[in-house]
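# Requesting a structural model of the entry that follows:
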Amino acid sequence: MSLKVQTPEKLKLDVQKIRKDFPILSQKVHGKDLIYLDNAATTQKPQAVIDELNKYYNSLNSNVHRGVHSLSEQATNAYEGSRIKVKNFINAGSEKEIIFTTGTTGAINLVAQTYGRMNLKEGDEVIISGMEHHSNIVPWQMICEEKKSKLKVIPIDDNGEIIFEEFEKLLSDKTKIVSVVYVSNSLGTINPVKKIIEKAHSFGIPVLMDGAQAVQHIPVDVQELGCDFFAFSGHKTFGPTGIGILYGKKNLLESMPPYQGGGDMIAKVTFEKTTYNELPYKFEAGTPNIADAIGLGKAIDYINEIGIKNIAAYENELLEYATNELSKINGLKIIGTAKEKSSVISFVFDDVHPHDIGTFLDFDGIAIRTGHHCTQPVMDRFNIPATSRASFSFYNTKEEIDILVISLNKVLEVFG
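Take a look at the predicted model:
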């Protein structure tokens with residue numbers, strides 16, 4: 001049911017030691033120890049990241065790229081150092097292929113409004129899947145409406161898995177881009193992305209991967225995958241909010257027009273004509289989010305210290321344990337039972353609304369997410385208004401899952 005990643009024999013997570021790195025986990029909610037199971041919405045931040053942000057504002061604060069004084073040079077080195085950390089983290093071919101954005105949403109909008117606007121025309125098609133987050137639906141709807149193109153959707157089955165044969169049927173010479181999620185935020189499904197990419201490429205079609213729920217849970221190598229674009233968010237990767245990454249193959253990024261105009265994305269400006277800067281700065285107009293970019297770099301350092309394969313193996317244990325324990329609860333139905341899953345369990349009770357479940361659990365100190373999770377078409381596919389979602393990270397424990405189960409059984413006693 002989950003992705004199998006072997007833990008290196010000499011490395012093992014010390015979860016209790018790790019938890020001490022996250023100050024927010026020590027607090028109480030309604031008098032109970034906080035149990036944070038809303039990691040798919042945002043992850044908590046280790047003290048090292050918080051300290052890095054304070055360090056920047058306390059001792060480095062300056063604009064980047066434009067100054068010759070010491071503070072500017074130090075800030076620039078730290079900012080560009082984070083770009084190199086991201087490049088190495090996902091194994092991009094060059095730091096020029098790493099664009100700082102506001103997040104996954106900003107990255108997908110950038111591609112839709114540049115590559116999409118440049119390549120789509122009336123009658124052309126964009127393919128997404130039936131499990132996409134709204135941020136990988138709406139930008140394509142907007143550009144398709146503008147260009148009179150069509151949005152095609154790969155259907156999903158009752159387990160929450162892409163029906164690959166239907167994807168193959170959708171591909172044609174009208175398809176200009178495929179944009180799919182790597183790991184579903186509402187189902188936990190790990191899509192067969194390499195297979196999707198290879199099939200699309202056999203038609204000469206580029207592929208964008210939404211990696212917002214992937215890079216913090218499983219190893220990602222964009223060169224090995226072969227994807228043309230890859231997007232993820234800092235705040236879901238133990239880093240700050242308001243920062244994200246777009247990876248793009250260099251030849252594609254060079255062919256795309258700038259997304260925004262302003263300082264730093266230019267080489268020369270006259271009133272008659274502007275010449276644009278080289279990659280990656282062509283897509284980074286204005287003063288960037290310097291502090292949070294540096295903070296993201298520190299978060300990547302933290303992940304690397306623990307080891308992404310160790311994280312994946314431990315979280316798979318949590319997922320399997322939680323799936324087994326929650327399945328024992330009378331009347332609870334798990335939505336999303338793909339063979340390959342990451343750290344998400346969405347579930348429903350027949351006679352209890354998810355919002356009531358979430359509120360009840362909050363009084364036991366348990367933070368979960370309830371609602372449609374910005375995937376309303378998924379809810380429509382399963383004919384439900386919403387789900388309750390528990391999502392795990394490497395600082396969660398089986399003991400916390402046990403408390404979740406006890407609290408859910410109390411929900412049944414009260415509402416059942």
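# residues contacting V405?
V405 makes contacts with E325, L326, K328, I329, as judged by C-beta atoms under 8 Å, 6 or more residues apart in numbering. Heads up, the C-betas are built off the backbone N, CA and C, glycines and all.
# Give the burial count for the second one, as a bare number.
Spelled out, it's L326. By other C-beta atoms under 10 Å, 18 other residues sit near L326.
# hang on, it packs against L408?
Yes. The pair L326 / L408 is scored as a contact, 7.3 Å apart, by C-beta atoms under 8 Å.
# beta partners of the closest residue to L170 other than its chain neighbours?
Residue nearest to L170 in three dimensions, not counting chain neighbours: K152, with 4.9 Å by C-beta to C-beta, 6 or more residues apart in numbering. Judged by DSSP bridges, the bridge partners of K152 are I127.
# Please report how far K152 lies from P206.
15 Å (C-beta to C-beta, to the nearest Å).
# Sort out which residues of stretch 167-181 are buried, please.
The neighbour-count check on stretch 167-181 (16 or more other C-beta atoms under 10 Å) flags F167, L171, T175, K176, I177, V178, S179, V180, V181 as buried.
# which of the contacts of V405 has the most neighbours?
That'd be L326 among these, by other C-beta under 10 Å, with 18 neighbours.
# which residues sit in contact with the residue positioned nearest the centre of the chain?
Central residue of the chain (C-alpha atoms, centre = their mean): A212, 0.8 Å from the mean position. For A212, the contact set (C-beta under 8 Å, 6+ apart) comprises G103, T104, H133, V181, N185, A231, F232, S233, K236.
# Quick check: closest non-adjacent residue to it.
T104 (4.2 Å).
# likewise V153?
G130 (5.3 Å).
# out of the buried residues of stretch 167-181, who's nearest G160?
V181 (11.5 Å; C-beta to C-beta).
# Look up phi and psi at the closest one.
phi -80, psi 140 (degrees, to the nearest 10).
# Can you name the residues that contact it?
S129, M131, E132, H133, N136, N191, M209, D210, A212, Q213.
# Please list all residues in contact with the closest residue to the fifth one other than its chain neighbours.
In space, and not counting its chain neighbours, N136 is closest to D210: 4.9 Å by C-beta to C-beta, 6+ apart. Applying C-beta under 8 Å, 6+ apart, we find D210 in contact with T104, I108, E132, H133, S135, N136, S179, V180, V181, Y182, A231.
# picking up where we left off before, who touches both of L326 and L408?
L332.
# re the thing from before, the residue nearest to N136 and K169, how far apart?
D210 is 22 Å from K169, by C-beta to C-beta.
# related to what we said a few turns ago, of all the buried residues of stretch 167-181, which comes closest to S393?
Among the buried residues of stretch 167-181, and counting by C-beta to C-beta, the member closest to S393 is V181, at 18.7 Å.
# what bridges to the closest one?
Beta-bridge partners, per DSSP bridges, of V181: D210.
# Let's see stretch 234-251 as CSV, backbone CA atoms only.
What follows is stretch 234-251 as a C-alpha-only set of coordinates in CSV (Å, rounded to 0.1, in the frame of the first residue of the first chain):
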residue,chain,number,x,y,z
GLY,A,234,8.9,25.7,1.1
HIS,A,235,6.3,25.6,3.8
LYS,A,236,5.4,22.0,3.2
THR,A,237,9.2,21.2,3.3
PHE,A,238,9.8,22.4,6.9
GLY,A,239,10.7,25.8,5.5
PRO,A,240,9.1,29.3,5.6
THR,A,241,5.8,30.3,3.9
GLY,A,242,5.8,32.4,0.8
ILE,A,243,8.7,30.7,-0.9
GLY,A,244,8.7,27.9,-3.5
ILE,A,245,10.6,26.4,-6.4
LEU,A,246,10.0,25.9,-10.1
TYR,A,247,12.5,23.6,-11.8
GLY,A,248,12.5,23.8,-15.6
LYS,A,249,14.7,22.3,-18.2
LYS,A,250,17.1,25.0,-19.4
ASN,A,251,16.1,24.9,-23.0
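# Of all the residues in that stretch, which ones are buried?
234-249.
# same deal with stretch 372-386?
Result for stretch 372-386 [16+ other C-beta under 10 Å]: buried residues H372, H373, C374, T375, P377, V378, M379, R381, F382, A386.
# same check, this time on stretch 313-321
A313, Y314, E315, N316, L318, L319.
# for the closest residue to G244 other than its chain neighbours, what are its contacts?
Spatial nearest neighbour of G244, chain neighbours left out: G103 (3.6 Å); criterion: C-beta to C-beta, 6+ apart. Neighbour list for G103: A212, S233, G234, H235, T241, G242, I243, G244 [criterion: C-beta under 8 Å, 6+ apart].
# Please repeat the previous calculation with a cut-off of 10 Å.
109, 135, 212, 231-236, 241-246 (C-beta atoms under 10 Å, 6 or more residues apart in numbering).
# what's the burial count for E224?
10.
# hmm, I was thinking of G188
30.
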